[in-house]
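Engineer: Make a model of this:
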Amino acid sequence: MNTLRDIGESLGNTVLENVGRAMGRAQERTPLPVDLLESDDAYLAVFDAPGARPSDVQVQFDAGLVEVRVDRFRGFHEGFEMRYPGRGLALDGHVELPAEARVDADAATATLRESGTLEVRVPKAEPVDPDTDEALEADEVDEVRDEADADELDAEARDATDESDATDGEQ
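Structural biologist: Numbers count the residues shown, from 1 in each chain. Model (predicted):
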């Protein structure tokens, strides 16, 4: 026969188990926090992945998007029963590189630090001359940028002139 104590304990265990499962699901829906940094030669995506091991981490780069999935699995401890799983998680995170970013995805690297920080380094691609498809030297890069800026300013000036002509004709 069940005593009031047995019923209370059973009810407590059920509530505790459901709370644990709900917390686990909420954690899985929370994206991995990420910072995106840029240097002269690379982008660096820094994800927080506490408790992850290298075998837990998957990194993918697709069309300017760095995607990370962490599947953390924790072993059982002899002599202990799992009340509710809270540390085995499946977490996702991603960050989009700037639209104008030209990168060498094949040379990207991922490093998991002991602190639980995952660093994904995506080197920038060598600038290419649009006319010849050959790599540019450093001084040529500035020249191409200056030409592109000048072309953009010319286009803006033409647009402004066109708008002015259109409004003059309406008066």
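
Engineer: so what's Val59 bridging to?
Structural biologist: Val68 (DSSP bridges).

Engineer: my guess is it contacts Thr111, does it?
Structural biologist: No. Look at Val59 against Thr111 with CB atoms under 8 Å: they stay out of range, at 10.2 Å. For the C-beta atoms, the positions are set from N, CA and C on the backbone; glycine is no exception.

Engineer: Need the overlap of contacts for the two.
Structural biologist: Leu118 (CB atoms under 8 Å, 6 or more residues apart in numbering).

Engineer: Look at the two and report which has more neighbours.
Structural biologist: The neighbour count for Val59 versus Thr111, taken as other CB atoms under 10 Å, is higher for Val59 (17 against 10).

Engineer: From Glu100, how far off is that one?
Structural biologist: 23 Å (CB to CB, to the nearest Å).

Engineer: Check whether the closest residue to Val46 other than its chain neighbours sits in a helix, strand or coil.
Structural biologist: The shortest distance from Val46 to any non-neighbouring residue, by CB to CB, 6 or more residues apart in numbering, is to Asp35 (4.6 Å). For Asp35, the assignment made with DSSP: H, G, I helix; E, B strand; the rest coil gives strand.
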